[in-house]
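Novice: model this:
(one chain, ligands or ions: 2)
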Amino acid sequence: MIRTAILGASGYVGAELLRLLERHPALVPTRLFGDSKAGQKLGSVHPQIGGAVAALEVERFGPEALDGIDLVFAALPHGESQKIAAGILDRGCRLVDLGADFRLRDAADYARWYGEEHQAPALLDRFVFGIPELHRDAIRGAQAVAAAGCYPTSAILACKPLIDAGLIDPASLIVDAASGVSGAGRAVKEGTAFNTVDGSYSAYGLLTHRHTAEMEQELGATVLFTPHLAPMTRGILATCYAAAAAGEMDGDEPLRVLRQAYADEPFVRVSDEPPSTKWVAGSNGAVVTARYDPRTRRVVALGAIDNLGKGAAGQMIQCANLMFGLDESSGLAASGVFP
Ligand SMILES: NC(=O)C1=CN([C@@H]2O[C@H](COP(=O)(O)OP(=O)(O)OC[C@H]3O[C@@H](n4cnc5c(N)ncnc54)[C@H](OP(=O)(O)O)[C@@H]3O)[C@@H](O)[C@H]2O)C=CC1
Ligand SMILES: CC(=O)N[C@@H](CCC(=O)OP(=O)(O)O)C(=O)O
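Specialist: Ligands and ions are numbered 1, 2, ... in the order given. Prediction:
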């Protein structure tokens, strides 16, 4: 039994962690932490979550709260985990952090994209970037993992093998991605209100979205990224375009490269058809595809994930499974919920 604390248990990612952990054989939610909902029973904060965990109280975090805890999942607003990570690691806990605090290797990049100085730059080296398909061995040996952002996960999984194989020019990458509204979290905001989102499709964060930095870091590319908000609850679809590298290839070469790269991956499926977000809803799955267009000499690559699954809670659990030497797929369904 691995005693697990969840920071941000009262948020959307917290709820998804608790839902997925219901079927996990080893990770047991033991202490749950929140902010404004501290003092409430979990069952009243997330009425959809049943079982013994519903009776636990959402607590306010303090260092003594980690007595006897083996693993901390942190799903907090950006900037919060850098205040507490040192204390968590000093206690010997393993930490999977989903905020952006420790994803960028360079504190100067953090300051540039997040508009504030990093509070714990000395800890950055201790975190491994949390996409198992890229960094599996390092995650296995890590005490601390910075799970990737949701948009970067979808685009990186679609494009990384194509860059590694030299099929596309990494200086020419364009990523258009659309997210479901749960990607913005539980708090009520005008931009994510029903009347704003329903029946509408909009772009935001033009040229400045912080996930650009993660994509560039992990892909070694220059990325023009435009996020979009789609009128759905869950899911991200990234559509990525890049100029083909010099030389000839047939239209299916990118697809063959993806098939080879992901042949042994439990959670990444390569599809002949362009994927839909519903294929992966509620799961830790990712579906990717790609083609070369000889007419425009461009490659188009697509990646679909559930922002709360492979883009958040699923990926956190996949990383934790590796860190504790468990079966990587423990507790993680690969099939989506459809219809
Ligand atoms: N939603 C998604 O699809 C994804 C989210 N993420 C990232 O994961 C993190 C959590 O996201 P999400 O669950 O959607 O967010 P929510 O807004 O739904 O939840 C935030 C959680 O953090 C708690 N919290 C807020 N402020 C503080 C604070 N100052 N100290 C301690 N706890 C605090 C909240 O507690 P309370 O409710 O009790 O006030 C709540 O439990 C964010 O960094 C987000 O960017 C990353 C990938 C995907
Ligand atoms: C739809 C929506 O608003 N999505 C969020 C990104 C999701 C997220 O939580 O960001 P991190 O992965 O960096 O934590 C946004 O664009 O700010």
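
Novice: just the residues of the stretch 201-339 of the chain that are near ligand 1, which are they?
Specialist: 307-308, 311-312 (CB under 6 Å from any ligand atom). Using the backbone N, CA and C atoms, a C-beta is placed for each residue, glycine as well.

Novice: Of those residues, which is the nearest to residue 200?
Specialist: Nearest to residue 200, judged by CB to CB, of these is residue 307 at 18.3 Å.

Novice: The closest one touches residue 149, doesn't it?
Specialist: No. Look at residue 307 against residue 149 with CB atoms under 8 Å: they stay out of range, at 9.4 Å.

Novice: ranges for the helices of the protein?
Specialist: 12-21, 42-45, 81-90, 107-114, 132-140, 150-164, 194-197, 211-219, 253-261, 314-323 (DSSP state H).

Novice: got the residues of the stretch 51-200 of the chain near ligand 2?
Specialist: So far as CB under 6 Å from any ligand atom goes, the stretch 51-200 of the chain lies against ligand 2 at 100, 149-150, 179, 183-184.

Novice: Sitting in strands, which of the residues you listed do you find?
Specialist: Filtering those for membership in strands, criterion DSSP state E, returns residue 179.

Novice: Would you list the buried entries among the residues of the stretch 51-200 of the chain next to ligand 2?
Specialist: 100, 149-150, 179, 183 (16 or more other CB atoms under 10 Å).

Novice: related to what we said a few turns ago, I'd like to know which of the helices of the chain lies nearest to residue 2.
Specialist: Closest of the helices of the chain to residue 2 is helix 314-323, at 7.9 Å (criterion: CB to CB).

Novice: Show residues contacting the closest one.
Specialist: Residues from elsewhere that reach helix 314-323, judged by CB atoms under 8 Å, 6 or more residues apart in numbering: 2, 4, 13, 16-17, 20-21, 24, 27, 71, 73, 75, 94, 96, 98, 130-132, 136, 139-140, 142-143, 145, 147-148, 153, 267, 283-284, 306, 308-309, 326-332.

Novice: got the angle between that helix and helix 12-21?
Specialist: Here helix 314-323 runs at an angle of 50 degrees relative to helix 12-21 (axes from the mean of the first three to the mean of the last three CA atoms, to 10 degrees).

Novice: what about dumping the CA coordinates of helix 314-323 to PDB?
Specialist: The C-alpha coordinates for helix 314-323 follow below in PDB (Å, rounded to 0.1, in the frame of the first residue of the first chain):
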ATOM      1  CA  GLY A 314      -3.800   9.700 -15.900                       C
ATOM      2  CA  GLN A 315      -0.300  10.800 -16.800                       C
ATOM      3  CA  MET A 316       0.400  11.600 -13.100                       C
ATOM      4  CA  ILE A 317      -0.600   8.100 -12.100                       C
ATOM      5  CA  GLN A 318       1.400   6.600 -15.000                       C
ATOM      6  CA  CYS A 319       4.500   8.400 -13.800                       C
ATOM      7  CA  ALA A 320       3.900   7.300 -10.200                       C
ATOM      8  CA  ASN A 321       3.600   3.700 -11.300                       C
ATOM      9  CA  LEU A 322       7.000   4.000 -12.800                       C
ATOM     10  CA  MET A 323       8.500   5.700  -9.800                       C
END
